[in-house]
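Enquirer: next come a sequence and a model predicted from it.
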Amino acid sequence: QVQLRESGPGLVKPSQTLSLTCTVSGVSITTNNYYWNWIRQPPGKGLERIGYMSYSGITYEDPSFGSRTSFSRDTSKNQITLQMNSVTPEDTAVYYCAGAMGSGWSSSLRDFLYAGQGTQVTVSS
């Protein structure tokens, strides 16, 4: 059974760096053609794509975030990490990790093969 679990701080101060980790179990993050997405949903809004880390280590950062985001992975721990710099209150959202075959995007978590339950992140002083 494949499970994804997001972890990280629930509260971050403005201008700080947010770091979230997605721990995957049941499948290797290096499995061919799997893409591991970071997605968020701000309050009252739809899903927003932050970007992804591919099975081969290629990353994509959505340009709407400028240069604030980066991804890394630890294959020994089967984890993907998101870092978001210079956070503001507008970055308050539920953050999800989701896996898919291929790099396509969907605005519904149901269209992803796997998804975590999400973790609430609040940016506030």
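Expert: All right, it came through fine. This one's a predicted model, so the numbers in the text were calculated from it and none came from an experiment.

Enquirer: D74: how many residues sit nearby?
Expert: 12 (other CB atoms under 10 Å). (Each C-beta comes from the backbone N, C-alpha and C, glycine too.)

Enquirer: can you tell me the closest non-neighbouring residue to it?
Expert: T81 (7.5 Å; CB to CB, 6 or more residues apart in numbering).

Enquirer: list the buried residues of the helix or strand that neighbour falls within.
Expert: If you go by DSSP states H and E, T81 is part of strand 79-84. The neighbour-count check on strand 79-84 (16 or more other CB atoms under 10 Å) flags Q79, I80, T81, L82, M84 as buried.

Enquirer: can you give me the pLDDT of the nearest residue to L18 once chain neighbours are set aside?
Expert: Nearest non-adjacent residue to L18, counting by CB to CB, 6+ apart: M84, 4.4 Å away. Note on M84: pLDDT of 98.

Enquirer: is M84 in contact with G66, as I believe?
Expert: No. The pair M84 / G66 is not scored as a contact, 10.4 Å apart, by CB atoms under 8 Å.

Enquirer: picking up where we left off before, tell me who's in contact with the residue nearest to D74.
Expert: S19, L20, T21, C22, F71, S72, R73, D74 (CB atoms under 8 Å, 6 or more residues apart in numbering).

Enquirer: can you check the pLDDT for it?
Expert: Per the predicted model, pLDDT is 98 at T81.

Enquirer: for the residue nearest the centre of the chain, give me its contacts.
Expert: Centroid-nearest residue in the chain, with CA atoms, centre = their mean: W38, separated by 2.2 Å. Contacts here follow CB under 8 Å, 6+ apart; on that basis W38 touches L20, C22, I50, G51, Y52, T69, F71, I80, L82, Y95, Y96, C97.

Enquirer: closest to S103 among those residues?
Expert: Distance ranking of those against S103, using CB to CB, places Y52 first at 6.5 Å.

Enquirer: and the strands in the protein?
Expert: Using DSSP state E, the strands of the chain run over residues 3-7, 11-12, 18-25, 34-41, 48-54, 59-61, 69-74, 79-84, 93-101, 114-115, 119-123.

Enquirer: now render those as JSON lines, adding distance to S108.
Expert: JSON lines is the format used below for these (distance: least, CB to CB, whole Å):
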{"stretch": "strand 3-7", "distance to S108": "16"}
{"stretch": "strand 11-12", "distance to S108": "27"}
{"stretch": "strand 18-25", "distance to S108": "19"}
{"stretch": "strand 34-41", "distance to S108": "10"}
{"stretch": "strand 48-54", "distance to S108": "12"}
{"stretch": "strand 59-61", "distance to S108": "19"}
{"stretch": "strand 69-74", "distance to S108": "22"}
{"stretch": "strand 79-84", "distance to S108": "20"}
{"stretch": "strand 93-101", "distance to S108": "10"}
{"stretch": "strand 114-115", "distance to S108": "10"}
{"stretch": "strand 119-123", "distance to S108": "19"}
